[in-house]
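*Asks:* test case, fold it:
(2 chains)
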Amino acid sequence: MTTTRTGYKWVGTRPVRHDGLDKVTGRARFGADYATAGMLHGVVLRSPHPHAHIVAIDFSDALAVPGVKAIITGADLPDLSDEFGTGSEGGINFRDLSRNILARDKVLYEGHPVAAVAAVTLRIAQQAAEMIEVEYEVLPAVLSMEHAMEDDAPVLHDDLYTLGLDSPPERPSNISRRRVIARGDLDAGWEEADVVVEREYTTKAVHQGYIEPHAVVAETGEDGRSTLWCSSQGHFAMRTYTTKVLGWEPGDMKVIPAEIGGGFGGKTTIYLEPLAALLSRRAGRAVKMVMTRSEVFRATGPTSGSVMRIKMGARRDGKLVAAIAWMAYEAGAFPGSPIGPGVMTVLAPYDIPNVLIEGFDVVLNKPKVAAYRAPGAPMAAFAAESVVDELAEKLGMDPIELRIRNAVTEGVRAVYGPKYRKIGFVETLEEARDHPHYSAPLGPWQGRGVASGYWFNFGGETTATVSINEDGTAVVMSGCPDIGGTRAALAQMAAEELGIDVHRIEPVVADTHSIGYNDMTGGSRVAFAVGIAVVDASRQLIEDMCSRAALIWDVPREEVEWVDGRAQSVTGAAAPLTLEELASGSANTGGPLSATVTVNPRGAGAGFSTQICDVEVDPDTGLVTVLRYTVVQDAGRAIHPDYVEGQMQGGAVQGIGWALNEEYIFDRDGVMENPGFLDYRMPVASDLPMIDTVIVEVPNPDHPYGVRGVGETGIIPPMAAVANAVYAATGKRMQDLPMSPVRVLEALSGD
Amino acid sequence: MELLSANPGAAVFAGATDLIPQIQGGRPEPSLVVDLKRIPETSRIEAHNGVWRVGAAIPAAVLTAHAGLSTTFPGLVEAAGLIGSDQIQGRATLGGNLCNASPAADSVPPLVALGADAIIVGPGGERSAPVSEVVIGPGATSLDQAEFITGFRIPSPSQGSSDAYERFIPRTEMDIAVVGSAARIRVDGDGRCEEASVVLAAVAPTVVEVGAASGILAGRVIPTDSARDPFWDELGEAVVSCCNPIDDKRGTAEFRRRVAQVLARRTVVTAARRARETL
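*Replies:* Numbering: from 1, shown residues only, chains lettered A, B, ... in the order given. Okay, here's the model as predicted:
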């Protein structure tokens, strides 16, 4: 059998990706590329108010418009009670999900769907939607966390009582949950501290900014069976969620995954899918729905804005001895911000004996947040890593050295509970310290910052099938949409095992009726969890093929070994049998060659990243330009280094955007003012230098090749790295994101 | 023109880089759209007797690739090269940029600084008006419904004269000016400023000319960098007195006032350097 090897033929190489040609030639089909004959077009009517009672909806005139085939409102969805499902990024309440998809009784943010219309053309559907008369009783809106948390603030949900308080609340509030993590003796910790830093930080809601807007085509037959074509991070979850919201049976719905044009966590939930499926059911024809960019911004999940107060103390020798973190995250219109991972990750990189972390999940009249790449961790790291930088300065210690002295290592108990297994945090710090970037000279108004970040990574329920075709080529089938090059990585692992060329393997993302259940592509899980299943399936196939060779040669199984894609006799008694020969003759040796493996693996290796950022600040305008940027990250083992580097770079770029210019801007009435890429200022290519990468490989012992998830960790350090660099350049600590020119210039003129 | 006269809700367009997003963004749809690109006068670039005539419907990408224009009006051409992105510049035009009547239009300040006239045609024939008089407020022009601009007359700069444009955006492209500044400077043989024009964008309902600039700068030797010099403060005060900015999603009024001073200084320095190089 295959044993552990150090030299790999395919793992760690950079083959052309299998889906590359389709993508560069435009042949790849994304969500909005699907069409069926005679399909209808659906649109959503959205609330103009951030907070209002729906008194009445009259769509009789709209329904009478020629060409309009169906109109639905919240009354057409079953009124669900609280029921929680799991997603790869945390729990989901189907009652809230339903009410976010179509408002019932109340609208809770500007852009909240109120009705959906299907018509023979998009234009007719839009015109009909404008004819729907909705009578609102406008309510005072809650637009800031400070306001939302006040005792006398208007309450969004009169049945929402704060969970996790010391005594049960008597009145409903906008705080859905309090999370607390505590250990040690804080008083003793502060006593021991020689230096203490305490600061408050704020961040704004930011969007994942995927290029592809949400899109779906749904076709529901008279028998109630339906098919959905959509782009998502998990078509099994799309099926579960959609049928749950509609009160349908999951087995009656087939979801066919499209290529996905970016998700970053934002496509782990549903918006249009139940609307299209139900409109199709009512109209008896397929219905296509595609969001505009404005709808994507106004009504799909950004991640939370936040307010955080951090206090940390260190001894003169650099040992961190005490920390308090108070954190409040915006959930949007319904409970469910990533405050959980926020409180778990905020201090996770450091071994601090005395800790109190308190987090709050706060609802307000803004769109419901959705997962965004390492949900909850980046803003927490912005606060904590800024404080660490300030402590290093006060101690007169190099900031990387301070981190090394406090870094968690294997066997240390994480602040949120478990002990770390094998991790590579210290290695990322040492690589950063020794990198030429860290000692390169800087000019006037230039500064350098560093910051680190931690992410759990995830395993999850997984099915994979590996099949051999009669020509000796193979199909690797999974049920996880490929958002980061995972098809190539899975094919490489199968190629390494089977001993065949990676391009003789076709990696496929199969629909819900073609493969067993898979959790979503999230939590940086696919190369890890699906990788385990693919390697196991490949090894089962090799075992099967060796047995068949033994049968053909009439020798004991032990006399057959698998070498370079061939069954070989250890005694040399017979000529080797190739994969092609075994496959083409499989009818005589027991039938087709195929193996399916299901796993729910634990041991997703934790990810750490340390990043170095150089900026130049224009003192006249406050403009911050990133001059040089290096991402050091532990990948465990990089299966396809291009895509590992791509994830590291992509995470850094999104984090830099979050740091410098991205923000949701609302007017006084709670209407988003910048729902487009012109004024929602994501970085463009020319804004940034080449992002340098250093892949650290501390293999994860719980994966056959040592893989750790790499997709999310890279977005965690950038905001603090940029802020620390701005401080080094200007002497000003930026505690509020984004560090836009307006804010930086204000800070510079504060002297 | 007959179409425009007969359809009060009609809109003219050239590149349509503003019109199409406005329609998609929910503004009332025009009853008719009239494309000017195929009218020959709107697409010519000519120079006669010291006056350039630049068609109103020429894409910015053609202007930036035009060697004669680039050496004669470097500020105007650099403004055209900042509009939107490479793709947008394949469509966007000077006429459209002006008639969209945004106070943040990049190509308008240099046209005003250069003393350009708009050539306007309508049912009554051809007339011309200073570019500074075409826009009367955000989204509003002084043109009649049936009038449109076919081109611009721009006087050739005299020897010792040149221009510059700079804008501030938080990114490097794909954005709209938070503040813009154009400067045209004429220097004498000793490099002393003889005459100056400074025109600002995005700090008032329309672009504004800093009327006092010429008086402040005349007789000065403009330094080659923006090192501190008392007359910069004087220019800064003149700039601020012309600004009537707003707080909006792109920047605060205070930020605009401060950065307008910075850009005015920087464009004066660049225009003066270019002007000296012509001698």
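
*Asks:* CA only for contacts and neighbour counts going forward, please
*Replies:* Noted.

*Asks:* the closest residue to residue A:617 other than its chain neighbours: what's it in contact with?
*Replies:* Taking Cα to Cα, 6 or more residues apart in numbering or on different chains, and ignoring the residues beside it in sequence, residue A:617 has residue A:624 as its nearest neighbour in space, at 4.6 Å. Residue A:624 sits next to A:615, A:616, A:617, A:618, A:660, A:726, A:740, A:741 when contact means Cα atoms under 8 Å, 6 or more residues apart in numbering or on different chains.

*Asks:* what parts of the stretch 601-750 of chain A come near chain B?
*Replies:* A:620-621, A:623, A:661, A:665, A:673-674, A:678-679, A:681, A:683-684, A:686-687, A:740-742, A:745 (Cα under 8 Å from any Cα of the partner chain).

*Asks:* one more time with 7 Å, if that's ok
*Replies:* Within the stretch 601-750 of chain A, the positions near chain B by Cα under 7 Å from any Cα of the partner chain are A:620, A:621, A:623, A:665, A:678, A:683, A:686, A:687, A:741, A:742.

*Asks:* surely the fourth one is in contact with residue A:675?
*Replies:* No: under the criterion of Cα atoms under 7 Å, residue A:665 lies out of contact with residue A:675, with a separation of 8.7 Å.

*Asks:* any chance you could map the strands in the stretch 101-250 of chain B?
*Replies:* Using DSSP state E, counting those that start in this stretch, the strands of the stretch 101-250 of chain B run over B:117-122, B:125-130, B:135-137, B:140-141, B:148-155, B:161-168, B:179-187, B:193-201, B:208-209.

*Asks:* one step back: can I get the residues of the stretch 601-750 of chain A next to chain B in TSV with neighbour count and distance to residue A:229?
*Replies:* Shown next, in TSV, are those (neighbours: other Cα atoms under 10 Å in any protein chain shown; distance: Cα to Cα, whole Å):
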residue	neighbour count	distance to residue A:229
A:620	15	52
A:621	23	48
A:623	23	44
A:665	20	33
A:678	12	30
A:683	23	31
A:686	11	35
A:687	16	36
A:741	24	43
A:742	21	44
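
*Asks:* let's have these in CSV, adding secondary structure and pLDDT.
*Replies:* CSV is the format used below for these (DSSP: H, G, I helix; E, B strand; the rest coil; pLDDT from 0 to 100):
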residue, secondary structure, pLDDT
A:620, coil, 96
A:621, coil, 97
A:623, coil, 98
A:665, coil, 98
A:678, coil, 93
A:683, coil, 97
A:686, helix, 95
A:687, helix, 97
A:741, helix, 98
A:742, helix, 97
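
*Asks:* low-confidence ranges, chain A, go.
*Replies:* A:1-6, A:87-90, A:751 (pLDDT under 70).

*Asks:* let's see it at 90
*Replies:* For chain A, the stretches with pLDDT under 90 are A:1-7, A:83-92, A:573, A:750-751.

*Asks:* what parts of it come near chain B?
*Replies:* A:620, A:621, A:623, A:665, A:678, A:683, A:686, A:687, A:741, A:742.

*Asks:* dump those residues to TSV, plus distance to residue B:5.
*Replies:* TSV is the format used below for these (distance: Cα to Cα, whole Å):
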residue	distance to residue B:5
A:620	49
A:621	47
A:623	48
A:665	41
A:678	34
A:683	44
A:686	45
A:687	46
A:741	46
A:742	46
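
*Asks:* could you tell me the end-to-end distance of stretch A:553-560?
*Replies:* 9 Å (Cα to Cα, to the nearest Å).

*Asks:* helix, strand or coil for residue A:328?
*Replies:* With DSSP: H, G, I helix; E, B strand; the rest coil as the basis, residue A:328 sits in strand.

*Asks:* no wait, residue B:270
*Replies:* The three-state label given to residue B:270 by three-state DSSP is helix.

*Asks:* and the pLDDT at the nearest residue to it once chain neighbours are set aside?
*Replies:* Closest residue to residue B:270 apart from its sequence neighbours, by Cα to Cα, 6+ apart: residue B:164 at 6.1 Å. Here, the pLDDT recorded for residue B:164 equals 98.

*Asks:* my read is that residue B:164 contacts residue B:75, right?
*Replies:* Yes: under the criterion of Cα under 7 Å, residue B:164 makes contact with residue B:75 at 3.6 Å.

*Asks:* circling back to that earlier point, out of the strands of the stretch 101-250 of chain B, deepest packed?
*Replies:* Per-stretch averages of neighbours, counted by mean count of other Cα atoms under 10 Å in any protein chain shown, single out strand B:179-187 among the strands of the stretch 101-250 of chain B, with a mean of 31.

*Asks:* returning to what we had before: now, which of the residues of chain A next to chain B sits nearest residue A:84?
*Replies:* residue A:665 (31.6 Å; Cα to Cα).

*Asks:* now the residue in the stretch 251-400 of chain A that chain B sits nearest to: which helix or strand?
*Replies:* Per Cα to the nearest Cα, residue A:294 is where the stretch 251-400 of chain A lies closest to chain B, at 8.8 Å. Assigned by DSSP states H and E, residue A:294 belongs to helix A:293-299.

*Asks:* what's that helix in contact with?
*Replies:* Here helix A:293-299 makes contact (Cα atoms under 7 Å, 6 or more residues apart in numbering or on different chains) with A:111, A:112, A:213, A:367, A:672, A:675, A:676.

*Asks:* how is chain A divided into domains?
*Replies:* What the record gives for chain A is the domain set A:20-28+A:459-599, A:34-139+A:212-262+A:267-299, A:302-457+A:605-748, from automatic domain parsing.

*Asks:* would you mind finding the most buried of those?
*Replies:* Buried most deeply of those, by mean count of other Cα under 10 Å, is domain A:302-457+A:605-748, with a mean of 23.

*Asks:* endpoints of that one, how far apart?
*Replies:* 30 Å.

*Asks:* so which of the contacts of helix A:293-299 is the closest to residue A:509?
*Replies:* Using Cα to Cα, the contacts of helix A:293-299 come closest to residue A:509 at residue A:213, 20.5 Å.

*Asks:* please determine how far that closest one is located from residue B:175.
*Replies:* 21 Å.

*Asks:* quick one, phi/psi of the residue lying closest to residue A:688 once chain neighbours are set aside?
*Replies:* Spatial nearest neighbour of residue A:688, excluding adjacent residues (Cα to Cα, 6+ apart): residue A:626 at 6.2 Å. Here is the backbone geometry of residue A:626 (degrees, to the nearest 10): phi -80, psi 120.

*Asks:* go on, residue A:429?
*Replies:* The phi/psi pair for residue A:429 (degrees, to the nearest 10) is phi -70, psi -40.

*Asks:* residue A:690 now?
*Replies:* phi -60, psi 130.

*Asks:* what separation is there between it and residue A:629?
*Replies:* Counting by Cα to Cα, the gap from residue A:690 to residue A:629 is 7 Å.

*Asks:* swap in residue A:637?
*Replies:* Applying Cα to Cα to residue A:637 and residue A:629 gives a distance of 22 Å.

*Asks:* show me the shaky parts of the stretch 1-150 of chain B.
*Replies:* The model of the stretch 1-150 of chain B has pLDDT under 90 over residues B:1-38, B:40-41, B:145.
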